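Engineer: any chance you could fold what I've pasted below:
(one chain, ligands or ions: 2)
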Amino acid sequence: MGLHFHNTLTRRLEPFESVEAGKAGVYACGPTIYGHAHIGNFRTFMFYDLVHRVLEWRGYEVRFVMNFTDVDDKTIRAARAKEMTLDEYTAPFAEAMLGESDALGIRRADLYPRATVYVDRMIDLIQRLLDRGFAYATDDGSVWYDISSFEAYGRLSGRDLEQGRPGERVAEDEYAKDDARDFALWKGVKREDEEVGAAWDAPWGRGRPGWHIECSAMALAEIGDTLDLHLGGEDLIFPHHEDEIAQSEGATGKPFSRVWLHAKHLRVEGEKMSKSAGNFVTVRELLDEGVSPAALRHLLLSAHYRSELNFTRAGLQASARAVARLLDFEARLLSHPEAPAIGDRGTGSGDAEGEAGRGIRDAADRAIEAFTAALLDDLNVAGALAALFVFVNEANRRLDAALGDPSHGLPADALEAARAALGEMDGVLGILEVGRRSRSVDAELSAWVEERIRARAHARADRDWSEADRIRDELTAAGVVLEDSATGTRWKKLSEEG
Ligand code: AMP
Ligand code: ZN
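Structural biologist: Numbering: from 1, shown residues only. Ligands and ions are numbered 1, 2, ... in the order given. Here you go, the predicted structure:
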């Protein structure tokens with residue numbers, strides 16, 4: 001079976017067929033950079049990463065584009081409150097988001113277009129919609145999309161037009177328009193917009209783009225008229241993506257995206273996340289708190305993108321244990337002794353080794369098969385993780401058995417097959433990739449602490465008490481506490497990872 005996706009547009013599981021064989025153009029709706037991205041946003045970004053990695057693993061040449069929404073009601077309001085320009089206000093949040101993404105091992109997109117840089121393209125697109133009769137301007141300098149002109153409107157979300165537009169982000173009553181359901185392509189200028197530098201000249205008047213046209217313009221400009229995949233969180237299906245389709249197809253007359261995928265929203269300790277509920281968690285806070293990035297990655301990745309994912313502290317701890325298990329397993333595979341090649345062996349031991357080796361190779365083959373089948377089936381990552389851990393358990397069992405006679409080791413090709421399988425699976429999951437970084441940080445820290453403890457012991461031997469105290473303070477500042485005892489000095493790090 002090849003790669004299949006559950007397409008929101010058709011509500012069916014479909015084989016993935018890109019416009020150009022072997023290539024995939026992907027557009028993902030990125031964050032609105034008016035604050036630090038929360039853990040829900042990162043569930044969706046982790047899902048983007050999975051799509052990105054799976055496509056590359058299957059051999060696609062991927063063009064992955066994720067935008068930054070740097071002009072909309074929220075960024076303008078926030079910039080005004082701080083008396084900053086839009087760019088001054090938003091730029092640090094884009095940087096922060098990329099830093100957090102890197103920490104979590106999220107592969108970089110090929111391009112991160114920022115809406116304010118594409119205003120010319122938006123103006124061109126709106127002009128095309130006006131020319132083609134899909135839009136109209138009003139006296140206040142705004143331009144509206146006339147949804148009655150686009151027959152397929154509502155197809156993605158399955159809504160009919162009479163249902164109105166609940167969930168619309170814009171306070172529509174501030175503007176004049178023909179029909180309450182029409183949405184803004186361009187918003188006539190307001191004083192607030194000018195104050196933060198969020199106003200541009202357009203043939204129909206000065207103003208700023210509506211949120212939906214931003215994504216259409218960036219996607220068409222950077223990928224082309226027809227995308228292979230368009231990604232977002234489930235809240236974006238309506239109206240954002242419905243409107244993107246109406247705009248893009250209205251302008252080009254071609255299908256906008258072949259496949260639409262939407263990630264279900266994350267919950268926190270079983271509740272919907274919101275600032276008012278006090279359960280609003282940012283990834284930045286978690287990382288600052290010392291939560292392991294690999295554990296967070298594992299947790300955010302662990303559920304199928306169309307099923308509920310509940311973020312809990314207990315879940316985070318379980319994820320930390322899963323990561324540790326993988327790291328231990330990898331270390332074990334790397335250090336396990338290899339048996340001599342068949343011809344060099346003495347008699348008597350070869351059969352047991354051969355059997356253990358075959359067992360490990362079979363387990364590796366079965367794991368790759370199950371892992372692949374799960375991911376090709378609409379990115380069933382829970383199934384893929386299960387295949388991985390079944391493999392870890394089986395291979396560990398074989399290694400335990402071999403250790404019953406440790407001098408014999410295991411056949412090199414079997415160990416190699418196990419390492420290759422683990423490497424292939426982690427190339428998609430990226431958990432070890434991130435976990436190794438913290439382990440090497442831990443190793444560096446230990447080496448440094450041990451060296452400092454030796455220096456302190458020397459200072460004490462020389463009765464240089466102030467130097468000894470200085471070293472202790474240095475360690476304390478690094479979060480390391482010392483315990484002196486008759487047998488020497490032990491140390492531990494405060495705030496162990498969750
Ligand atoms: P925003 O910054 O609100 O524009 O959202 C950026 C991305 O995060 C979009 O794809 C949203 O659908 C997604 N998103 C927002 N809230 C959540 C949540 N609680 N769980 C999962 N994804 C979310
Ligand atoms: Zn978008």
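Engineer: near ligand 1, which residues of this protein show up?
Structural biologist: Contact residues (CB under 6 Å from any ligand atom) of the chain with ligand 1: 29, 31-32, 40-41, 43-44, 69, 232-233, 235-236, 263, 265-266, 273. (Glycine included, C-beta is placed from N, CA and C.)
Engineer: nearest to E194 among those?
Structural biologist: T69 (19.8 Å; CB to CB).
Engineer: how about the residue in the stretch 201-350 of the chain positioned nearest to ligand 1, nearest residue that isn't a chain neighbour?
Structural biologist: Nearest residue of the stretch 201-350 of the chain to ligand 1, counting by CB to the nearest ligand atom: G233, 1.9 Å away. Excluding the flanking residues, the one nearest G233 by CB to CB, 6 or more residues apart in numbering is T44, at 4.4 Å.
Engineer: and P113, by the same measure?
Structural biologist: M218 is the one closest to P113 (CB to CB, 6+ apart), at 4.4 Å.
Engineer: the host helix or strand of the one you found and ligand 2 in contact?
Structural biologist: Assigned by DSSP states H and E, M218 falls within helix 211-222. Yes - part of helix 211-222 sits near ligand 2 under the criterion CB under 5 Å from the ion, namely C215.
Engineer: export that helix to PDB, keeping only CA atoms.
Structural biologist: Only the C-alpha atoms of helix 211-222 are listed here, as PDB (Å, rounded to 0.1, in the frame of the first residue of the first chain):
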ATOM      1  CA  TRP A 211      -6.400  37.300   7.200                       C
ATOM      2  CA  HIS A 212      -7.700  34.700   4.600                       C
ATOM      3  CA  ILE A 213      -6.200  36.400   1.500                       C
ATOM      4  CA  GLU A 214      -2.800  36.300   3.200                       C
ATOM      5  CA  CYS A 215      -2.500  32.600   3.000                       C
ATOM      6  CA  SER A 216      -4.000  32.300  -0.500                       C
ATOM      7  CA  ALA A 217      -1.500  34.800  -1.800                       C
ATOM      8  CA  MET A 218       1.500  33.300   0.000                       C
ATOM      9  CA  ALA A 219       0.600  29.700  -1.100                       C
ATOM     10  CA  LEU A 220       0.000  30.600  -4.700                       C
ATOM     11  CA  ALA A 221       3.200  32.700  -4.900                       C
ATOM     12  CA  GLU A 222       5.400  30.100  -3.300                       C
END
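Engineer: who touches the residue nearest to P113 in this structure?
Structural biologist: Y27, V65, N67, P113, A115, Y118, R121 (CB atoms under 8 Å, 6 or more residues apart in numbering).
Engineer: okay, now the nearest residue to P209 once chain neighbours are set aside: neighbour count?
Structural biologist: Of all residues not flanking P209 in the chain, M122 sits nearest, at 4.5 Å (CB to CB, 6+ apart). Applying other CB atoms under 10 Å, we find 26 residues neighbouring M122.
Engineer: what about R107, which SS state?
Structural biologist: coil (DSSP: H, G, I helix; E, B strand; the rest coil).
Engineer: make sure it is actually in contact with M46.
Structural biologist: No - contact between R107 and M46 fails when scored by CB atoms under 8 Å: they sit 10.8 Å apart.
Engineer: so what sits against both of the two?
Structural biologist: By CB under 8 Å, 6+ apart, no residue touches both R107 and M46.
Engineer: looking at these two, which has the bigger crowd around it?
Structural biologist: M46 (27 against 16).
Engineer: isn't E17 up against L229?
Structural biologist: No - between E17 and L229 no contact is recorded; they are 11.3 Å apart, counting by CB under 8 Å.
Engineer: pick out whichever of those two has more residues nearby.
Structural biologist: L229 (25 against 11).
Engineer: list the contacts of that one.
Structural biologist: Counting by CB under 8 Å, 6+ apart, L229 has contacts F5, A24, G25, V26, Y27, V51, S257, R258, V259, W260, L261.
Engineer: could you say what helices and strands the longest helix seen in the chain packs with?
Structural biologist: Using DSSP state H, we find that the single longest helix of the chain is helix 431-461. Using 3 or more CB pairs under 8 Å, 6 or more residues apart in numbering; DSSP states H and E, the elements in contact with helix 431-461 are helix 293-301, helix 313-335, helix 412-429, helix 465-477, strand 480-485, strand 488-493.
Engineer: I'd like the average pLDDT over the fifth one.
Structural biologist: What that stands for is strand 480-485. In this model, strand 480-485 has a mean pLDDT of 85.
Engineer: try the last one
Structural biologist: Across strand 488-493, the average pLDDT comes to 82.
Engineer: which stretches of this protein aren't confidently modelled?
Structural biologist: For the chain, the stretches with pLDDT under 70 are 161-176, 340-350, 403, 406-408, 495-498.
Engineer: those residues of it touching ligand 2, which are they?
Structural biologist: C29, C215.
Engineer: which parts of the chain belong to which domain?
Structural biologist: 4-290, 295-493 (automatic domain parsing).
Engineer: can you tell me, leaving aside adjacent residues, what's nearest to whichever residue of the stretch 1-150 of the chain sits closest to ligand 1?
Structural biologist: Nearest to ligand 1 in the stretch 1-150 of the chain, going by CB to the nearest ligand atom, is G40, at a distance of 2.4 Å. With sequence-adjacent residues excluded and distances taken as CB to CB, 6+ apart, G40 is closest to L266, at 4.2 Å.
Engineer: may I ask you to confirm that E222 is in contact with Y112?
Structural biologist: No - using CB under 8 Å as the test, E222 is too far from Y112 to be in contact (10.2 Å).
Engineer: on that earlier part again, please compute how far the longest helix of the chain lies from its chain's middle.
Structural biologist: 30 Å (CA atoms, centre = their mean, to the nearest Å).
Engineer: and G59, what is it in contact with?
Structural biologist: With CB under 8 Å, 6+ apart, G59 has these contacts: G22.
Engineer: so it, which state does it fall into?
Structural biologist: coil.
Engineer: ok, L286 touching R297?
Structural biologist: No - L286 is beyond contact range of R297, at 11.4 Å (criterion: CB under 8 Å).
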